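**Q** Can you look at this prediction? I've put the sequence above it.
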Amino acid sequence: MSKASKRKNLSQRLETVIKTLIPQHGQNADDLGPMMRAIKAVHSATDHTSTTPEDLEHQRAAQELFARLVTPSIGIRNDSLCVNNIPAEWVSLEHGHDRHHAVLYCHGGGYTCGQLGYARILASKLALCTGFDVLSFEYRLAPENPYPAAVEDALAMWDYLMYMGYGARDIVVAGDSAGGNLALELCLKLKEQGRAQPRALLLFSPWTDMTASGKSYKTCKALDPMLTYEYIEAVRAAYTGPDADWARPCYSPLFADLRGLPPMLVQVGTNEILRSDSERLAEAMQKAGGYAVLEVYEDCWHVFQQMPIHRAVTAMESAGRFVQRMM
């Protein structure tokens with residue numbers, strides 16, 4: 001089978017499976033049993049533990065297809081730009097948006113996947129729930145560009161916002177999964193440089209502990225429809241190299257000095273192996289004298305906020321209220 005035929009076959013398989021994730025007429029959107037099974041099927045359509053060029057191409061294509069099917073489109077506009085050779089996009093409400101504040105959004109994908117189309121799912125929802133313009137960006141991915149490429153790109157986007165006239169206190173930084181890791185590492189880099197912090201952090205299922213030492217890696221192993229320990233091992237090695245010390249704060253912000261970081265809202269589902277990453281982060285932030293709100297959503301999976309279900313709406317509305325309280 002040719003490469004083009006393989007890609008077409010993969011797309012057809014993915015489209016069939018992903019469409020079952022979107023609630024149809026008369027279907028209960030919170031019927032998580034079938035939905036969980038469908039999500040597992042999506043992730044089994046490609047070998048998500050492989051970081052070969054061909055498998056990464058399939059994984060990245062799968063994310064883009066998923067995004068086309070679930071991204072909110074009504075009342076949203078997208079404006080592309082390029083910052084220091086980094087592809088980026090402003091996602092804004094077509095009417096009635098706040099031009100004085102912005103969200104800098106770091107997408108997830110294990111540092112090995114994620115493009116602007118995929119980022120547009122949560123970028124659009126962040127624009128809707130905050131009323132702010134949202135700047136997402138396509139940071140360089142591993143293994144082609146390992147650490148610290150993504151952190152350098154995030155810092156470049158922060159500098160761009162400063163150049164455009166935003167103050168640090170005008171900006172909320174958001175991130176999901178590996179993007180949550182990147183959002184935290186950006187704040188730690190700003191702290192290291194003695195620079196002002198953003199107004200707040202919104203973290204959706206953040207990956208904070210690359211040592212994978214939390215108890216949920218075992219207790220949620222059978223529950224998690226999205227992630228496996230083998231996947232964590234694969235993307236971790238691609239990002240840092242196989243022999244890195246994953247307890248270093250530059251990889252695992254959970255073990256960093258969190259004093260002085262912005263107030264944060266952390267959302268996580270009960271059914272994900274990264275649950276401990278969120279719980280321990282909130283606890284560590286509070287011990288450091290900071291402000292952290294932890295929201296744990298029952299029977300939900302990794303970055304469930306992406307999906308067209310009621311609990312995702314509830315979570316994003318909560319994120320919007322948190323931002324308004326912080327501003």
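**A** Alright, I've got the coordinates. Numbers count the residues shown, from 1 in each chain.
**Q** Show me where the chain has its strands.
**A** 76-83, 86-93, 98-106, 132-137, 171-176, 200-204, 264-269, 292-297 (DSSP state E).
**Q** Kindly present the ones you listed as TSV, with separate columns for mean neighbour count, mean pLDDT and distance to Cys187.
**A** For the C-beta atoms, the positions are set from N, CA and C on the backbone; glycine is no exception. Output for those, formatted as TSV (neighbours: other Cβ atoms under 10 Å; pLDDT from 0 to 100; distance: least, Cβ to Cβ, whole Å):
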stretch	mean neighbour count	mean pLDDT	distance to Cys187
strand 76-83	14	94	19
strand 86-93	20	96	19
strand 98-106	20	92	11
strand 132-137	26	97	16
strand 171-176	27	98	7
strand 200-204	28	98	7
strand 264-269	26	98	9
strand 292-297	18	98	13
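**Q** export those to a markdown table and tack on distance to Leu190?
**A** What follows is the strands of the chain, written out as a markdown table (distance: least, Cβ to Cβ, whole Å):
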| stretch | distance to Leu190 |
| --- | --- |
| strand 76-83 | 17 |
| strand 86-93 | 18 |
| strand 98-106 | 12 |
| strand 132-137 | 16 |
| strand 171-176 | 10 |
| strand 200-204 | 12 |
| strand 264-269 | 14 |
| strand 292-297 | 18 |
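**Q** OK, contacts around Gly260?
**A** 191, 197, 290 (Cβ atoms under 8 Å, 6 or more residues apart in numbering).
**Q** burial measure for the spatially closest residue to the second one that is not a sequence neighbour, as a count.
**A** The shortest distance from Gln197 to any residue other than its chain neighbours is 4.8 Å, reached at Pro262 (Cβ to Cβ, 6 or more residues apart in numbering). A count of neighbours around Pro262, defined by other Cβ atoms under 10 Å, yields 23.
**Q** Test my guess that Pro262 contacts Leu186.
**A** No: with contact defined as Cβ atoms under 8 Å, Pro262 does not count as touching Leu186 (10.7 Å).
**Q** List the residues that are in contact with both of these two.
**A** Val173.
**Q** Just put the contacts of Gly260 in TSV and tack on pLDDT and distance to Asp159.
**A** What follows is the contacts of Gly260, written out as TSV (pLDDT from 0 to 100; distance: Cβ to Cβ, whole Å):
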residue	pLDDT	distance to Asp159
Lys191	98	15
Gln197	98	15
Gly290	98	24
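**Q** Most neighbours among those residues, which one?
**A** When the contacts of Gly260 are compared by neighbour count (other Cβ under 10 Å), Gln197 ends up highest, at 19 neighbours.
**Q** Return the residues in contact with it.
**A** 168, 187, 190-191, 260-262.
**Q** what's it sitting at in phi/psi?
**A** Dihedral angles phi and psi of Gln197 (degrees, to the nearest 10) take the values phi -90, psi 160.
**Q** try Asp257
**A** Per degrees, to the nearest 10, the backbone of Asp257 is at phi -80, psi 110.
**Q** Mind putting the contacts of Gln197 into CSV with distance to Thr112?
**A** Shown next, in CSV, are these (distance: Cβ to Cβ, whole Å):
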residue, distance to Thr112
Ala168, 30
Cys187, 23
Leu190, 25
Lys191, 27
Gly260, 31
Leu261, 26
Pro262, 27
